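**Q** Here's my sequence, what's the structure:
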Amino acid sequence: MSSLAKQISVPIFSGQNYDYWAIKMKTYFQSQKLWEIVEEGVTLPEDSSTSSSAEKGKLENKKAKDSEALYYIQTAVADHIFPRISVATSAKEAWSILQKEYQGSAKVRIIKLQTLRRDFENMKMKDSETIDEYYTKVRELVNQLKAYGEDIPEKRVVEKLLISVTEKYDPIVTTIEETKDITTLTVTELVGSLEAYEKRRKQTILRRIVTFEENHNVEIARDLDMWKKIVGSKEIIKLTAEENNSSDQLFYTCNSVAETGEATWYIDSAASNHMTYNKGAFQTLDESFKTNVKLGDNHIVKVEGKGSVAINTKKGTRIINDVMYIPNLRTNLFSVGQMMEKGYTLHFGGDSCTIYDNKENS
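**A** Numbering: from 1, shown residues only. Have a look, this model is predicted:
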């Protein structure tokens with residue numbers, strides 16, 4: 001047993017992620033010059049009496065290596081897995097038993113490979129994902145394909161990433177396609193370029209953010225779908241509303257972002273109504289007003305009332321009417337459309353939003 005083997009502990013297989021475990025074990029066996037024994041086994045001569053001393057010595061050496069490899073496999077499985085290979089007398093036999101049970105027969109592996117190929121072709125980035133998250137999923141699927149014997153050249157991964165990222169990356173994708181040689185572009189270079197673009201885009205969004213705190217500014221929320229990745233906290237709900245003509249329900253899509261305080265309000269051009277989760281903010285509240293809200297995860301929550309909310313501004317306290325009370329929201333939303341209907345004018349400039357009351361010219 002080599003000194004390297006004494007220093008390295010083998011990964012333990014407990015019944016899950018067999019493909020990853022098998023890759024690690026293969027690398028380990030290769031480092032110990034044992035993989036050929038595991039893969040091909042030891043062929044015994046039909047008549048050992050005719051073998052020369054040198055041939056007998058080589059055979060004994062192979063048997064010793066086979067026993068060593070078998071011991072490593074036995075050591076590398078959890079106790080509840082060990083009975084499956086306890087009767088195996090060679091490393092190849094033990095390896096084949098595990099492979100057949102956890103990776104399947106040749107026919108099963110072909111079916112699994114076809115499924116993985118289809119998953120790879122159909123994979124697309126979600127709007128809520130970052131480049132790092134999406135690339136991790138792609139890389140994991142590529143590793144699974146390789147574990148089943150599929151050859152995935154780097155060029156194919158590059159092409160997959162370019163055609164499957166969301167539309168918000170179109171500018172950088174176009175630039176890359178026009179200025180780079182795609183046939184020689186590495187995955188590392190591509191992911192680096194996409195992440196750099198993503199970072200610049202997030203910084204642009206962050207520059208739009210002003211918090212409604214001591215200076216009484218209103219926080220702008222025109223790109224809330226990226227906030228989860230920017231802020232990295234719990235949950236804010238962005239609601240984009242559309243009327244359902246067949247019922248009195250309001251339907252919304254929901255993006256999770258970050259939890260904020262009760263004094264923070266967001267300008268949302270997509271929401272059709274002002275909304276708040278803070279019951280204490282209401283000056284008046286009609287709790288007989290009821291309707292339903294369907295969130296993006298398909299959970300339906302209730303609107304538990306509608307009323308007037310007092311908002312502190314530089315010009316003093318303002319009363320905002322027709323605000324929906326939704327306890328299960330995690331943030332307060334100003335509806336651009338509703339404010340304009342009430343005669344307000346909104347001016348977005350730089351990193352701030354100014355709201356004018358046309359009746360008072362302020």
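
**Q** Can you list the low-confidence ranges for the stretch 201-350 of the chain?
**A** 203-263, 268-272, 293-301, 314-315, 345-350 (pLDDT under 70).

**Q** So which residues of the stretch 151-300 of the chain form helices?
**A** Here the stretch 151-300 of the chain has its helices, by DSSP state H, counting those that start in this stretch, at 154-164, 170-179, 187-206, 227-231.

**Q** Out of these, the one nearest Ser86 is which?
**A** Checking the helices of the stretch 151-300 of the chain against Ser86 by CB to CB gives helix 154-164 as the closest, at 40.9 Å. Glycine gets a C-beta too; all of them are placed from N, C-alpha and C.

**Q** Can you spell out which helices and strands pack onto that closest one?
**A** helix 131-147, helix 170-179, helix 187-206 (3 or more CB pairs under 8 Å, 6 or more residues apart in numbering; DSSP states H and E).

**Q** helices and strands around the shortest one, which ones?
**A** Secondary-structure packing of helix 170-179 (3+ CB pairs under 8 Å, 6+ apart): helix 154-164, helix 187-206.

**Q** Give me the secondary structure label for Thr317.
**A** For Thr317, the secondary structure call by DSSP: H, G, I helix; E, B strand; the rest coil comes out as strand.

**Q** no, scratch that, I was asking about Ser308
**A** What three-state DSSP gives for Ser308 is strand.

**Q** follow-up on the earlier one: Throw the helices and strands packed on helix 154-164 into CSV and include distance to Ile37 and mean neighbour count, thanks.
**A** Converted to CSV, the helices and strands packed on helix 154-164 look like this (distance: least, CB to CB, whole Å; neighbours: other CB atoms under 10 Å):
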stretch, distance to Ile37, mean neighbour count
helix 131-147, 21, 16
helix 170-179, 46, 13
helix 187-206, 34, 15
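
**Q** Confidence-wise, which of the ones you listed is weakest overall?
**A** For the helices and strands packed on helix 154-164, mean pLDDT drops lowest on helix 187-206, to a mean of 83.

**Q** just how off-centre is that one within its chain?
**A** In terms of CA atoms, centre = their mean, to the nearest Å, the centre of helix 187-206 is set 16 Å apart from its chain centre.

**Q** Over to stretch 60-70?
**A** Counting by CA atoms, centre = their mean, stretch 60-70 is centred 44 Å from the centre of its parent chain.

**Q** So which bits of it are buried?
**A** Within stretch 60-70, the residues that count as buried by 16 or more other CB atoms under 10 Å are Lys62, Lys65, Asp66, Glu68, Ala69, Leu70.

**Q** I'd guessed Gly78 sits against Phe13; true?
**A** Actually, residue 78 is Ala. It isn't Gly. Yes: because the distance of 6.7 Å satisfies CB atoms under 8 Å, Ala78 is recorded as touching Phe13.

**Q** Quick check on those two: which one has the bigger neighbour count.
**A** Phe13 (20 against 10; other CB atoms under 10 Å).

**Q** pLDDT score for that one?
**A** Confidence score, pLDDT, at Phe13: 93.

**Q** Look up phi and psi at it.
**A** Main-chain torsions, Phe13, degrees, to the nearest 10: phi -100, psi 120.

**Q** now it, nearest residue through space, not along the chain?
**A** Of all residues not flanking Phe13 in the chain, Trp21 sits nearest, at 4.4 Å (CB to CB, 6 or more residues apart in numbering).

**Q** quick one: contacts for that neighbour?
**A** Under the criterion of CB atoms under 8 Å, 6 or more residues apart in numbering, the neighbours of Trp21 are Pro11, Phe13, Ala76.

**Q** how about the helix or strand harbouring Asp322: buried residues?
**A** Taking DSSP states H and E as the definition, one finds Asp322 inside strand 316-325. The neighbour-count check on strand 316-325 (16+ other CB under 10 Å) flags Ile320, Val323, Met324, Tyr325 as buried.

**Q** measure the closest residue to Leu161 other than its chain neighbours to Glu150 for me?
**A** Once flanking residues are discounted, Leu161 sits nearest to Leu190: 5.9 Å by CB to CB, 6+ apart. Noted for Leu190: a distance of 21 Å to Glu150, by CB to CB, to the nearest Å.

**Q** same thing with Lys107?
**A** The gap separating Lys107 from Glu150 is 16 Å, by CB to CB.

**Q** Could you do Trp21 as well?
**A** Trp21 sits 19 Å away from Glu150, going by CB to CB.

**Q** name the element the residue nearest to Phe13 belongs to?
**A** In this structure, Trp21 sits in helix 18-31 according to DSSP H and E.

**Q** Could you tell me the average pLDDT over that helix, please?
**A** 90.

**Q** following that helix, which helix or strand shows up next?
**A** Where DSSP H and E defines the elements, the next helix or strand beyond helix 18-31 is helix 35-40.

**Q** other SSEs contacting the next helix-or-strand element following that following helix?
**A** Reading on from helix 35-40 to the C-terminus, the next helix or strand found by DSSP H and E is helix 53-75. Packed against helix 53-75 by the contact rule (3+ CB pairs under 8 Å, 6+ apart) you find helix 18-31, helix 35-40, helix 91-102.

**Q** Of all the ones you listed, which one comes closest to Thr179?
**A** Thr179 lies closest, by CB to CB, to one member of the helices and strands packed on helix 53-75: helix 18-31, at 35.9 Å.
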